[in-house]
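**Student:** give me a model of this one.
(3 chains)
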Amino acid sequence: MDTILKLGRIDRRVLYILMVVLLLWPLIKPLGLPVSVSSWTRQAYGKIDGLKAGDRVIIDFNYPAAGMADVHPQTAAIFNHLMKKNVRVVAIAFVDQGATIADNLIRSWEAQGKKYGEDFIHLGYLAGGETAMAAFVRDIPKAVPTDYRGKPVSSWPIMEGLKTAGDAQMLMYFTTSLLPETWIRQTSQWKMPIIGGVITVMGPQGEPFLQSGQLAGLLVGMRCGAEYEIMSKAPGPAVAAMDAQSIGHLLIIVFIIFGNIAYFAERQGRKRSGL
Amino acid sequence: MRREVPVFLAGAVGVLMIIEYFFNVPLMRSWSTEIQNWAVIISAFALGLGAVGLARNHVARISQKKPDSINSVLLIVTLVVTIVSGIASRTNPTFLFIFNNVITPLGSAFYAMVAFFVASSAYRAFRARSLEAVMFLVAGTIVMLGRAPVGEIIWKQFPVITEWIMKYPNLAGMRGFQIGVAVGVIGVGLRVLLGIDRSYLGGEA
Amino acid sequence: MLTLAAYSFLYKENRFYRAAEHIYVGAGAGYSLVMGYTNVLNKAWNPIVQKGQIQMLIPVILGLLLFARFTKSVRWLARIPLALLVGMGAAIALRGAVEAQFISQVRATMVPLTNINNLLVVTGVMGVLCYFFFTFPKNRPIQIGASYGRWMIMITMGAAFGNAVMGRISLFIGVLQFMFGQWIQIIK
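**Tutor:** Numbers count the residues shown, from 1 in each chain, chains lettered A, B, ... in the order given. Predicted structure coming up:
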């Protein structure tokens, strides 16, 4: 009985060390657990795979550097897919740090031979949240007169014919905080396909919009990033993290079980001593 | 006047935005687009507000020689170096170094620290005290197992049940929230535009 | 090193953690100011100076008025640009919410009651809405609906909790990949 009660009194720092060790171990020595692909990722992949070479996609890099671990694997995997299909990308950020994240990604693709201004363009950061989005979707060249590199936006071939958001074939947003209804509200007049890539915590909130058809696809967190990497046949850091993710979940479940065993044992003890 | 003018302005601009959205009036549409672009510029100034406020606060701490003012020195130095290098060029090596080696790892570290608190609270606080708490814990456990590769190895049906939970009960709950939130957004929006809600003006006269 | 300083907080609060915190806040605020400056330069300054668009002086003046909050005697002037932003934000959200959040979501709930899943969705949505009636006393049918809605909310919150745990663990795995992959390089 004492042992069971002790289960409920482990110092939190012991728990923290346990967590670090058990999460690190599968990263150093992978377990090789298979990762199946969910219907969410299949749906999003299918919609993106349906784009044709030369199509234009607007991507909103709506996440700060702090959320990169959960969201960036999806962004990178999808960007990889789009580049392989020669789909053109118009990158914009409505979160300030998203601008540098987008710039880093675009430059990495330039180093692989893709052309800035033809294959992609970076429109930079636009302050103002949803108000800025409303201005952007209505008149893109007016909202963003110069790109992230300081050149007039109209001077680039990729921007030819792109006046409103509706002139693009798809919109994607990757975010750690933007609610799904924000982009849906602003682009409702064009009914354009929207794919959301969100941090895991926000996954449940997107489900109503996915079911209603207002979102064409929804990717949730690092797990969907890993699945997308598998579907694109380009496994990366997200796939590598899945073993550690499994151990982490099991650990939390064990903590819950231990905590509850100790709680019920304590309750039993109190009932007995109360009699 | 000090409260009435801003309230009137908020209402007038808001009404313009709504009318031009629902009615096709070209002149109103062009005014509306222009004002939205003004809002982007005003919001950009607001970004500077945070930095200026921080600088004032911490310079005051340094000049008053408060305890731990060395941290304020660190803050001001980092602030100034970031601003100077960034204004020179957003691809300046120092600016990019600060983004890639200070902001990114520290931001990730602080954001991820919550994982430890989740683990600690899972251990100490998540008690099956009632049937509803049991439902909560069971749903959470099934979702955790269904979304991790190990769950599928333990039992093949975990991912299937997780998907069912997300697509049906979770959908119902979230949709109920969404409809409630939509009513709330409309209600609060109307209150702001009609000048009933003036909390954004602050407390002073 | 900065990451280790940040995590030293888990042992107890200490000067290294506070130093890391202050460095992060300074860098973050500086970064935001740089991005704001670039927006003002590209959208206001250059149009005024290079294209003679004098009307862009208006948002510049309004933006500068925001800084009036630092001076007690003219603090009220900061309300003007704030009112513009708040009014605009409220209207932009409101006008879109009617169709995108309310009508579309209600329409999507009207599914044929031909299987148990659809029945669950329709009754679940109604139950959750019943639960959130707080402004009038609930009669018996609404009370039953509210109890059912409460169960649905518990399952929804459970799913949200599962996702929250997943998300936080993913973020920490990212930190480990950075520290032990890029820095110490024991993760291949």
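**Student:** going by C-alpha atoms from here, please, whenever you check contacts or count neighbours.
**Tutor:** OK.
**Student:** longest helix in chain C, by residue count?
**Tutor:** helix C:140-177 (DSSP state H).
**Student:** and that one, is it in reach of chain A?
**Tutor:** Yes: using CA under 8 Å from any CA of the partner chain, helix C:140-177 reaches chain A at C:156, C:159-160, C:163-167, C:169-171, C:173-177.
**Student:** cool, and stretch C:179-188?
**Tutor:** Yes: using CA under 8 Å from any CA, stretch C:179-188 comes into contact with chain A via C:186, C:187, C:188.
**Student:** now the buried members of these.
**Tutor:** residue C:187 (16 or more other CA atoms under 10 Å in any protein chain shown).
**Student:** residue A:53: what's it in contact with?
**Tutor:** A:85, A:86, A:87, A:88 (CA atoms under 8 Å, 6 or more residues apart in numbering or on different chains).
**Student:** is it located within a helix, as I assumed?
**Tutor:** No: counting by DSSP: H, G, I helix; E, B strand; the rest coil, residue A:53 is not part of a helix but coil.
**Student:** if we can go back for a sec, what's the closest of the residues of stretch C:179-188 next to chain A to residue A:64?
**Tutor:** Within the residues of stretch C:179-188 next to chain A, distances to residue A:64 taken as CA to CA reach their minimum at residue C:187, with 24.8 Å.
**Student:** tell me which residue is most central in chain B.
**Tutor:** residue B:111 (13.2 Å; CA atoms, centre = their mean).
**Student:** am I right that that one is in contact with residue A:67?
**Tutor:** Yes: judged on CA atoms under 8 Å, residue B:111 makes contact with residue A:67 at a distance of 7.4 Å.
**Student:** any common contacting residues for those two?
**Tutor:** residue C:171.
**Student:** where's residue A:129 relative to chain C, distance?
**Tutor:** From residue A:129 over to chain C the distance is 9 Å, taken as CA to the nearest CA, to the nearest Å.
**Student:** quick check, that residue in contact with residue A:62.
**Tutor:** No: using CA under 8 Å, residue A:129 is not in contact with residue A:62; the gap is 9.9 Å.
**Student:** how much space separates residue A:134 from residue C:42?
**Tutor:** Between residue A:134 and residue C:42 the computed distance is 18 Å (CA to CA, to the nearest Å).
**Student:** which of these two has more residues huddled nearby?
**Tutor:** When neighbours are counted by other CA atoms under 10 Å in any protein chain shown, residue A:134 comes out ahead of the other of residue A:134 and residue C:42, with 24 against 19.
**Student:** nearest spatial neighbour of the more buried one, skipping sequence neighbours?
**Tutor:** Nearest non-adjacent residue to residue A:134, counting by CA to CA, 6 or more residues apart in numbering or on different chains: residue A:186, 5.9 Å away.
**Student:** how is chain B divided into domains?
**Tutor:** B:1-64, B:129-205 (automatic domain parsing).
**Student:** close to chain C, is the first one?
**Tutor:** Yes: using CA under 8 Å from any CA, domain B:1-64 reaches chain C at B:2-3, B:5-7, B:9-15, B:17-18, B:21, B:36, B:38-51.
**Student:** give me the most central residue, chain A.
**Tutor:** By CA atoms, centre = their mean, the mean C-alpha position of chain A lies nearest to residue A:71, the distance being 3.0 Å.
**Student:** just checking, that one touches residue A:221?
**Tutor:** Yes: Residue A:71 is within contact range of residue A:221, at 5.6 Å (criterion: CA under 8 Å).
**Student:** on the three-state scheme, residue A:235 is what?
**Tutor:** Secondary structure of residue A:235, per three-state DSSP, is coil.
**Student:** show me what contacts it?
**Tutor:** Counted by CA under 8 Å, 6+ apart, residue A:235 has contacts A:226, A:229.
**Student:** helices of chain C, start to end?
**Tutor:** C:2-7, C:15-40, C:46-51, C:57-65, C:79-97, C:104-109, C:116-131, C:140-177.
**Student:** can you check the stretch 101-250 of chain A too?
**Tutor:** According to DSSP state H, counting those that start in this stretch, the stretch 101-250 of chain A carries its helices in the segments A:130-138, A:140-143, A:180-187, A:203-211, A:221-231, A:237-274.
**Student:** does the last one come close to chain B?
**Tutor:** Yes: applying CA under 8 Å from any CA, one finds helix A:237-274 touching chain B at A:242-243, A:245-247, A:249-250, A:252-253, A:255-260, A:263.
**Student:** flag every buried residue along that helix.
**Tutor:** Neighbour count says helix A:237-274 has A:237-253, A:255-266 buried, by 16+ other CA under 10 Å.
**Student:** again, but for the third one
**Tutor:** By neighbour count with 16+ other CA under 10 Å, helix A:180-187 contains the buried residues A:180, A:181, A:182, A:183, A:184, A:185, A:186, A:187.
**Student:** can you add pLDDT and distance to residue C:75 and give the residues you listed back as CSV?
**Tutor:** Formatted as CSV, the buried residues of helix A:180-187 follow (pLDDT from 0 to 100; distance: CA to CA, whole Å):
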residue, pLDDT, distance to residue C:75
A:180, 88, 36
A:181, 88, 35
A:182, 92, 32
A:183, 94, 35
A:184, 93, 37
A:185, 89, 35
A:186, 91, 34
A:187, 92, 37
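**Student:** out of those residues, which is nearest to residue B:32?
**Tutor:** residue A:186 (14.3 Å).
**Student:** tell me the first helix or strand C-terminal of the longest helix along chain B.
**Tutor:** For chain B, the helix that runs over the most residues, judged by DSSP H, is helix B:26-63. Next along the chain after helix B:26-63, taking DSSP states H and E as the criterion, comes helix B:69-88.
**Student:** residues in contact with that next one?
**Tutor:** B:51, B:55, B:58-59, B:61-62, B:92, B:94-95, B:98, C:18-19, C:22-31, C:33-34, C:37-38.
**Student:** I'd like the next helix or strand past it.
**Tutor:** Beyond helix B:69-88 on the C-terminal side, the first helix or strand identified by DSSP H and E is helix B:93-98.
**Student:** and the next helix or strand after that next one, average pLDDT?
**Tutor:** Per DSSP H and E, the first helix or strand lying C-terminal to helix B:93-98 is helix B:104-112. The average of the pLDDT scores along helix B:104-112 is 90.
**Student:** for the helix or strand following helix B:104-112, packing partners?
**Tutor:** Sequence-wise, the next helix or strand downstream of helix B:104-112 (DSSP H and E) is helix B:114-124. For helix B:114-124, the packing partners by 3 or more CA pairs under 8 Å, 6 or more residues apart in numbering or on different chains; DSSP states H and E come out as helix A:12-28, helix A:237-274, helix C:140-177.
**Student:** where does chain C dip in pLDDT?
**Tutor:** By pLDDT under 70, chain C has no low-scoring segment.
**Student:** those residues of it touching chain A, which are they?
**Tutor:** C:10-11, C:31-32, C:35-36, C:39, C:42-43, C:88-89, C:92-93, C:96-97, C:99-101, C:104-105, C:108, C:156, C:159-160, C:163-167, C:169-171, C:173-177, C:186-188.
**Student:** filter the residues you listed down to the buried ones, ChimeraX style.
**Tutor:** Per 16+ other CA under 10 Å, the buried members of the residues of chain C next to chain A correspond to this ChimeraX selection:
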select /C:10,31,32,35,36,39,42,43,88,89,92,93,96,97,99,100,101,104,105,108,156,159,160,163,164,165,166,167,169,170,171,173,174,175,176,177,187
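**Student:** hmm, back to that, I'd like the domains of chain B as JSON lines, with mean neighbour count and distance to residue B:80 appended.
**Tutor:** JSON lines is the format used below for the domains of chain B (neighbours: other CA atoms under 10 Å in any protein chain shown; distance: least, CA to CA, whole Å):
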{"stretch": "domain B:1-64", "mean neighbour count": "19", "distance to residue B:80": "9"}
{"stretch": "domain B:129-205", "mean neighbour count": "20", "distance to residue B:80": "30"}
